[in-house]
Every structure is written in structure tokens, then in C-alpha cells.
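Peer 1: my questions are about this predicted structure, shown below with the sequence.
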Amino acid sequence: MPLSTFPLRARTFATSAHVKALSAAARPKADQLSAQWKGTSATGGTTKNFIGGEFIESKSTEWIELHDPSTQTVLSRVPQTTDSEFQQAVDAASHAYKSWSRTSVITRQRFVMELQHLLRRNADAIANSIVLEQGKTLADAHGDLLRGLQVVETAAGITSNLLGDKIEVSKDMDTEVRRVPLGVCASIAPFNFPAMIPLWTIPVAAVTGNTLILKPSERDPGAAMIIAELCQQAGLPAGVLNVVHGGVSTVNAICDNPAIRAISFVGGDKAGRHIYELGTKNGKRVQANLGAKNHAVLMPDANKNLALNSIVGAAFGAAGQRCMAVSVAVLVGDAQSWLPELVERAQKLKVSGGFEKDADLGPLISPAAKARVTGLIASAEEDGGKIVLDGRGVEVPGYPDGNFVGPTIIEAGTPMRCYQEEIFGPVLIVLRAETLDDAIDLINENRYGNGTAIFTQSGATARKFETEVNVGQIGINVPIPVPLPMFAWSGNKGSVLGDIGFYGKSGINFYTQNKTTTSLWRAEDAVGNRAAVDMPTHH
Ligand code: NAD
């Protein structure tokens, strides 16, 4: 696909929007971030590339402006990495691979153990960067980091998890299988989890002996830059992790570069399909997590309080910008009468800047995202849906310029656009079903298969649901059933491309390949002088 078909989404520096002041709560955090970290700025400076162990100012002529989504203040400018800078990153990763892949597994384990200490010690800085650039609330930003930290901690088990197999296949003949790294790998991240998603790949790629080129989202790369600096402090040698910025042309450079052996992608359908097709066409291993539409089924026997609170939290937390957000509630039978209470609880949520103490949800990532979400809400009206709670036009005191949309609930039908498309905003679609079978059928008809949940007090109902529903991650009285990293990500259907999931055992499989050696050490061969001419039959 030609590069020119993909316009950069963010506005470039040349077309800069108006610069507004940060909130009083955000200003000291921004100053601190700019002063303390080499790779990121929150006060109008630039975001650096991290190549061969150095934080380098790009020589690019094309820059992407990064705005605080609560106020539109310019925080940083992110480079569209040049071709030669990108090649330097690949060269640094290729060079580092030669020694890192031969470093002992104990040394690589020590790196992740150090990293987890440093991430915990610097959690506030990472969370502050996430709130500033991404907009989510401070507590939610800490959760973003925590879920990534769990992958780092699990990666410390590599000394057991990388054990190979060996058996004597014939007299004096052994076959041994070792899991060896792939080489230079790349990771392309979305905007919605600026710490967690880079941490899905950095520790797993590194402990298995690979080197990595990370391209964070051009919309909030600050957390990844702090993580890169902490990796260096944790003893990761120069070139094992490199971070390059940019939009589609950096992505295409990753897909086309022959030195890159594997690509991990998390993001939307359009980019994911493109990367999967181009990457696999070029012979690379690709894992791609894509979009979602996650249904929560509310049975009439559910614990009402738990169910309604869970659904409201999972639908509107992070302003709905989670791939595992509950975006559809299916009210079954008598549970349909609970809709007014669902609306009442959603109405109570406070929309505000992410640093405000009582904020439940913050802004959307960009004015374009806000326009998309409000457009989809409007489409529901045109398609005959009923907006029972309308978050358009929400007024947020102190933040007149933020990309805010309040909690929105729409009664809709399955053919409507607002149901068929991923909205990725604080919008809950409500569907009605007469029976559990009807609910399961409509979930199975949906093209996505990331997550689903059922709220019930019946073990039999839960059992039927988990057996019959064709979705990869199922919650029973759990609204966001993301598996912890001792398990692997297991979204299915249209929510993934590629066969090997992120982290857990799958993550190790993704970043390694098997190497078998069959060896014969027979004492008599040392003195024998007769060649065997028959096909070996392993007697
Ligand atoms: P996005 O697809 O716009 O961007 C993801 C990455 O791809 C970014 O690094 C971006 O620079 C790059 N990119 C964007 N458009 C591209 C294009 N046309 N060609 C090539 N590269 C491109 O996604 P986003 O808006 O940052 O993130 C939100 C999406 O990510 C949602 O659809 C959400 O469901 C999905 N997501 C999925 C998971 C999961 O595990 N399934 C997790 C988080 C987010």
C-alpha cells in the first residue's frame, strides 16, 4: 500500500492549534516531567527517539503536536522519524542482538527484576505522564502501569519457563529442543494504554533474548520514553530496546525492513489488517490485537447491585477507551426493568480533568475522537435508537476546551451503526433479549470476540453461557475479564489476527522458535572404521 494513502492523524506543528494553559493541578507535574526525564517533554519541548542507548533529537522536518486532551495545551512535539534514523535504530538492534541473544538467561532475568523495582519507584512519574498526554484519571493511569508491571513480574519466571526438552531417541543418540530468540522484533502500540501495552512486549521480548524496536502511539509516547530510560537504568545494554516515533510511514518502515523478524501490534482494525497483511507478506511473524464490541449479559437472577455497578464502571471508566470496555449491555427478561437504575448510576459519574481528585472519567484523546463519538451517537437517533442518557454537550467546570463526552446510554437494535461499529467512547448500547439463548445468539453473531461477561447467581446459567458463547475472554460476575499474565491474551474472531497471543506462555512462544539438535556420541565410533550406509531407523 503506498504511504500517501495514510494521512497522519495528528495535526502537524505547522498547522498548530491554539495553545491553552494547563490546569493548576497539572502544571507542577508537567514541569517535573520535563525536568526529570531525558526522552519526554510536557512543557512544549520535543519527544526524543531512543536509539542505541541514546536519547536523540530527531532531524525530521515533520513533527506531530501532542496536546493535553483536557485543555489542548501543547505538551510536546513528536517527530516523524526519518528513514535514516529508523535505519540507525534497526542497525543498533541488529548489533545488540549478537551479544544480547548470547547473554545468559540469568542476566536477562535480573534485568526484568531490576525493571520492576524501578517501575514501582517511578510509578508516579509514569502515571502523571499518562494523565497529561492520554487524559485518563490518575487512579486509572496507575492501573494502566500496574497491568504492565504484572507482565514484567511474570517475565522473571523465564528461568523455568524457557526450559527445553531432551530425550534419548536411540541408543547413545539424544534429541534436544531449545527455545531460541527470533532476532530483531518490533512492537507497535495504541494510544489507550501508554504504559501497559509497551510492557506487554518489552519484558517478554528481552528475557527471551530478542532486541526490540518500539513505536509507541504518536499521540502519547511519554510513558514509553520513561520506561525506556528505566530499562537503561535496569542494566539493559544499548540497542536492546530502541524507541522510534511517528505515524504510518514508521509503521510501514517496520513492516518492510528485512532485518525485523516479528511484529506485535495492538490497535484498531484498519491499521492492524494493513500491518498483518504487509508483515506476513514480507515473511514476518505477526500478532495483532484489534478492535472490540464487548457484551455484558444481565440475567434477572443477578446480584443487581454488583451487576449495575460493574457494568457502569466497565462501560464508562477511561471514557470507554478500553478494548475490554463493556460497550453493550444485554438485558434479559425481567432485568429489562433495571434500565432506569443503570441510567441513574451512570448519571452520577463525574467527568473532569484526570488530575481532579473526584474525577471518574476524563476526556477523549482528541477533538477528532470526540467528533467521531458524538457523530455515532447522532447516527443512533437517525437509525431509530433511543438516547436515554446523552453525554454530548457535557459542561466540565474549569475545562472548557477539553474533548469531553459524558456517559451516554442508547437503546438500540443490532442493525444500527452505533451497534455495528466500535465507538471507543463513553457510550453504552442497550439491547433487550427474551432469553439467555437469544443473548448468546446475538453475541455470537457479532464479528468481534474480545470479551464478554454474564451476571447471574446460577452456576448452571454461567456454565451454559461460557460453553456456548464464542468469545475469547469470558467474565462470570466479572466485567473486564482480562487474564493476568500467567495466562495469555485470548481474544478471538475479528478482534485478533495471527495465531499466537500476547504474554503468558503464548508470549514466550511468539518471541522464540524451536531449535532441535540430534547428537550421537557412541564410544565405538571413536575407534570404528566401518561406515553405515542404511537409512537410520532409530532402533
Ligand atoms: P490505531 O490503530 O489508530 O493506532 C495504533 C497504532 O497503529 C499507532 O501506533 C499508530 O501510529 C498506528 N497506525 C494508525 N493508523 C495506521 C494506519 N492506517 N496504518 C498503519 N499504522 C497505523 O489505534 P488507536 O486509536 O491508537 O487505539 C485504539 C484501538 O486499539 C481500538 O480499536 C481498540 O479496541 C484497540 N485496542 C485493542 C486492544 C486489544 O488488546 N484487542 C488493546 C488496546 C486497544
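Peer 2: Sure, I can see it. Residues are numbered from 1 along each chain as shown.
Peer 1: nearest residue to the residue in the stretch 51-200 of the chain positioned nearest to the ligand in space, please, no chain neighbours.
Peer 2: Among all residues of the stretch 51-200 of the chain, Pro190 sits closest to the ligand, at 3.1 Å; criterion: CB to the nearest ligand atom. C-beta here means a position set from N, CA and C on the backbone, and glycine is covered the same way. Distance criterion CB to CB, 6 or more residues apart in numbering; nearest residue to Pro190, sequence neighbours excluded, is Gly267 at 4.0 Å.
Peer 1: next one: that neighbour from Thr512, what distance?
Peer 2: The spacing between Gly267 and Thr512, counted by CB to CB, to the nearest Å, is 24 Å.
Peer 1: comparing those two, which residue is more hemmed in?
Peer 2: Taking neighbours as other CB atoms under 10 Å, Gly267 and Thr512 compare with Gly267 leading, 21 against 18.
Peer 1: got phi/psi on that one?
Peer 2: Backbone torsions of Gly267, given as degrees, to the nearest 10, read phi 170, psi -150.
Peer 1: and what of Ile476?
Peer 2: When quoted as degrees, to the nearest 10, the phi and psi of Ile476 stand at phi -110, psi 110.
Peer 1: once you drop chain neighbours, what's closest to it?
Peer 2: In space, Ile476 comes closest to Ala462 once its chain neighbours are excluded; the distance is 4.6 Å by CB to CB, 6+ apart.
Peer 1: quick one, strands of the stretch 51-200 of the chain?
Peer 2: For the stretch 51-200 of the chain, the strands defined by DSSP state E, counting those that start in this stretch cover 54-56, 63-67, 74-79, 165-170, 173-181, 184-188.
Peer 1: need the ones you listed in TSV (columns: mean neighbour count).
Peer 2: Below are the strands of the stretch 51-200 of the chain laid out as TSV (neighbours: other CB atoms under 10 Å):
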stretch	mean neighbour count
strand 54-56	17
strand 63-67	24
strand 74-79	26
strand 165-170	11
strand 173-181	16
strand 184-188	28
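Peer 1: in TSV: those strands, plus mean pLDDT and distance to Pro426.
Peer 2: Supplementary listing: those in TSV, determined by pLDDT from 0 to 100; distance: least, CB to CB, whole Å:
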stretch	mean pLDDT	distance to Pro426
strand 54-56	98	36
strand 63-67	97	20
strand 74-79	98	23
strand 165-170	96	49
strand 173-181	96	41
strand 184-188	99	26
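Peer 1: adding distance to the ligand, write the ones you listed out as JSON lines.
Peer 2: What follows is the strands of the stretch 51-200 of the chain, written out as JSON lines (distance: least, CB to the nearest ligand atom, whole Å):
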{"stretch": "strand 54-56", "distance to the ligand": "20"}
{"stretch": "strand 63-67", "distance to the ligand": "10"}
{"stretch": "strand 74-79", "distance to the ligand": "10"}
{"stretch": "strand 165-170", "distance to the ligand": "31"}
{"stretch": "strand 173-181", "distance to the ligand": "24"}
{"stretch": "strand 184-188", "distance to the ligand": "5"}
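Peer 1: what's the spacing between Pro303 and the ligand?
Peer 2: Careful, residue 303 is Asn and not Pro. 28 Å (CB to the nearest ligand atom, to the nearest Å).
Peer 1: surely that residue touches Ile476?
Peer 2: No. At 12.0 Å, Asn303 does not count as touching Ile476 under the criterion of CB atoms under 8 Å.
Peer 1: setting aside sequence neighbours, what's the nearest residue to Val396?
Peer 2: Phe404 (5.0 Å).
Peer 1: typo on my end, Ser310
Peer 2: Pro479 (4.0 Å).
Peer 1: which phi and psi does the one you found have?
Peer 2: Dihedral angles (degrees, to the nearest 10) for Pro479: phi -80, psi -30.
Peer 1: stretch 405-416: end-to-end distance?
Peer 2: Terminal residues of stretch 405-416 are spaced 21 Å apart (CA to CA, to the nearest Å).
Peer 1: what's the mean pLDDT across it?
Peer 2: The average pLDDT within stretch 405-416 is 98.
Peer 1: list the buried ones in that stretch?
Peer 2: Residues 405-412, 416 are the ones in stretch 405-416 that count as buried (16 or more other CB atoms under 10 Å).
Peer 1: residues touching the residue of the chain at minimum distance from the ligand, list them.
Peer 2: Nearest to the ligand, among the residues of the chain, is Gly267, at 2.6 Å (CB to the nearest ligand atom). Gly267 is in contact with 188-190, 217, 289-290, counting by CB atoms under 8 Å, 6 or more residues apart in numbering.
Peer 1: pLDDT score for it?
Peer 2: Gly267 carries a pLDDT score of 98 in this model.
Peer 1: and it, how far is that from Thr137?
Peer 2: Per CB to CB, Gly267 is found 22 Å from Thr137.
Peer 1: once you drop chain neighbours, what's closest to Ile167?
Peer 2: Closest residue to Ile167 apart from its sequence neighbours, by CB to CB, 6+ apart: Thr175 at 6.2 Å.
Peer 1: same check, this time on Pro69
Peer 2: Excluding its sequence neighbours, the residue lying closest to Pro69 (CB to CB, 6+ apart) is Gly135, at 3.9 Å.
Peer 1: got the contact list for the one you found?
Peer 2: 68-70, 319, 354, 362-365, 402-403 are the contacts of Gly135 under CB under 8 Å, 6+ apart.
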